[in-house]
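Undergrad: Compute the structure for the input listed below.
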Amino acid sequence: MFANLTEKLTKALRDLRGLSKLTEDNIAPALVEVRSALMSADVNFKVAKDFTERVKAACLGTAVVDSVNPGQMAVKVVSDELTKLLGEGERPIDPAAPCASCSSASRAPARPPAPPSSPSTS
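TA: Here you go, the predicted model:
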């Protein structure tokens, strides 16, 4: 899944290379592709939409450093926003903690108890 997402994001941002300036008109098609890539990776529509809006605002509001072209700047903005979305830093995994997606509601129901055996009459 991550390889497919990486491939789609790379393709979406490829067209921004060589631009002299990031404008709303030239980043719009790339952001549509980014949103589509996120949704194909099962990201919630609202999360994908909010993400692309933050990327758009950051791309349009960021001055491009002289040594970096606008396409590279867009890649950095997307990378930074993905890091914020997924969470920054390391988080230890506690193997004893229950999995959030493994709630009791999602587990198969327990087997019903066996009916009581009838006393045998001899």
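
Undergrad: show me where pLDDT drops low in the protein?
TA: Scanning the chain for pLDDT under 70 picks out 1, 62-67, 98-122.

Undergrad: hey, where'd the helices end up in it?
TA: 2-14, 24-40, 45-61, 70-86 (DSSP state H).

Undergrad: Quick one: those as TSV, columns for distance to Pro95 and mean neighbour count too.
TA: The way it works is simple: take the backbone N, C-alpha and C, and place the C-beta from them, glycine included. Below are the helices of the chain laid out as TSV (distance: least, C-beta to C-beta, whole Å; neighbours: other C-beta atoms under 10 Å):
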stretch	distance to Pro95	mean neighbour count
helix 2-14	23	14
helix 24-40	30	17
helix 45-61	28	15
helix 70-86	21	17
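
Undergrad: Let's have these in TSV, adding distance to Ala96.
TA: Shown next, in TSV, are the helices of the chain (distance: least, C-beta to C-beta, whole Å):
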stretch	distance to Ala96
helix 2-14	27
helix 24-40	32
helix 45-61	29
helix 70-86	24
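
Undergrad: That'll do, ta.
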